[in-house]
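Undergrad: My questions are about this predicted structure, shown below with the sequence.
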Amino acid sequence: MRTIISLAALLMSVALVQLGSGSLAPLDTLSGTALGFSASEIGLLGSAHFVGFFVGCWLAPRMTGTIGHVRVFAAFAASGAIGALAHPLWHEPWFWAALRMLTGFAVAGSATVIEGWLQARVTNQTRGRVIGIYRVVDLGAALAAQAMISFLPPATFVSYNIVAMLCCLCLVPLTLSSTPEPERPETPPRLRPLKTFRLSPLGAAGVFVAGITMPAFRMVGPLYGLEVGLDAQGIALFLSAAILGGALAQAPVGWLADKHDRRWVLVWLSVAAMAVCLGVAWIGGASPAAIYGGALVFGLVSYPIYSVSSAHANDFAQPVEAIELNASLLFIYAMGAILAPFLSARLIAAAGPSSLFVFIALAHLALAVIGFWRMRARPTAIEKTAYVYTPRSSFIVDRLLRRRR
């Protein structure tokens, strides 16, 4: 409890960062639609976010090692606030894409600082409980961020000011905390994605498909909701249902992944996700209840795929390789996340809203095929790392989670 109280300021900053960044993406989609942006231009905003996100993941550890945690966090939070505040200045898609790169950069940098700080404060005795609270705060704020969309009017100064205020507020708990700043981090890990593909082709493929699935849903899902007739409150419920489903699935999927061959778990998750996506595409806008239920089940079967894939890849890595491996997995995830929003938005423009879920279903079909192929190519790992819910947040999250054989 003393550890948690000492980290209260940090956890409050986590919640405020998630509230601001989590509400910006759907707000941009609704605002862009109101301003006459095309579906492709709205998809470009989501892709731009992940370009900035990856750059932030790469630069933040270097900056923290040079400048220090608090000042770097302040710089990233200020960048995020500027990115939100500047939206109403010029209603131009390419300008907004540049701002989304800035906010993606800020989100990744803030997460890097926060997780590095948490890592420096927890011990092996308190790690599990602190990480559990971190997950609850992160997911709870993500749900609240989606709910905010129901009362933020699109394309207005007021809405973007509220988002910018949250970005500024996240500075207050951390900068006023009396907890001493941790030691500066080591050199950031090297990226070796080709080595990761050779080590675990299925793990890398699963992470890439996760990068296609969830960013496409989060960034373009509001556009889908508009196309099938949902209002702002309906879109907030639609996005929240998927996050809730993902949160509910972590414990049972983790149990299955630790008890059985992870490849079978991945294959069946992919088959289930494919079936759910095709079902959602088929029902279309039949009724709001069906749409929300489809989103809930979609979250149940799609959200755990990154964590299962990451755990499977870690089964084949030596402990000294874990940091670089998980940095490369995040890089592979970012590659899928950069491509998916733009491509899925173009598909919606060309073939209608249901094509979003057809696109995601095809990605899961490919993952299931790769899973069957890998089961024929080599046996599973004899030893397993423990399954953990892995946030796609920064290169140093693996140090915080501390995977062990």
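TA: Ah, there it is. As the structure is a computational prediction, the values presented were derived from the model and not from experiment.
Undergrad: which stretches of the stretch 151-300 of the chain form helices?
TA: 157-169, 171-176, 193-199, 201-227, 232-259, 262-283, 288-302 (DSSP state H, counting those that start in this stretch).
Undergrad: and S309, which of these is closest to it?
TA: Comparing these by their distance to S309 (C-beta to C-beta), the top pick is helix 201-227, with 2.8 Å. All C-beta spots, glycine's among them, are computed from the backbone N, C-alpha and C.
Undergrad: related to what we said a few turns ago, for the helices of the stretch 151-300 of the chain, please prepare CSV with the additional fields mean neighbour count, distance to V358 and mean pLDDT.
TA: As requested, the helices of the stretch 151-300 of the chain are exported to CSV (neighbours: other C-beta atoms under 10 Å; distance: least, C-beta to C-beta, whole Å; pLDDT from 0 to 100):
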stretch, mean neighbour count, distance to V358, mean pLDDT
helix 157-169, 19, 32, 95
helix 171-176, 16, 43, 85
helix 193-199, 16, 27, 87
helix 201-227, 26, 11, 93
helix 232-259, 19, 17, 90
helix 262-283, 21, 5, 93
helix 288-302, 21, 13, 94
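Undergrad: for those helices, which one sits closest to L343?
TA: helix 201-227 (7.8 Å).
Undergrad: can you give me the angle that closest one makes with helix 262-283?
TA: 20 degrees (axes from the mean of the first three to the mean of the last three C-alpha atoms, to 10 degrees).
Undergrad: what's the angle from helix 201-227 to helix 288-302?
TA: Going by the same axes, to 10 degrees, helix 201-227 makes 170 degrees with helix 288-302.
Undergrad: would CSV of the helices of the stretch 151-300 of the chain with distance to G36 be doable?
TA: Shown next, in CSV, are the helices of the stretch 151-300 of the chain (distance: least, C-beta to C-beta, whole Å):
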stretch, distance to G36
helix 157-169, 17
helix 171-176, 35
helix 193-199, 38
helix 201-227, 13
helix 232-259, 18
helix 262-283, 26
helix 288-302, 25
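Undergrad: Any stretches of the stretch 51-200 of the chain with poor pLDDT?
TA: For the stretch 51-200 of the chain, the stretches with pLDDT under 70 are 124-125, 127-128, 184-190.
Undergrad: rewinding a little: so for T123, which of the helices of the stretch 151-300 of the chain sits nearest?
TA: helix 171-176 (21.2 Å).
Undergrad: now that closest one, how far from the chain's geometric center?
TA: 24 Å (C-alpha atoms, centre = their mean, to the nearest Å).
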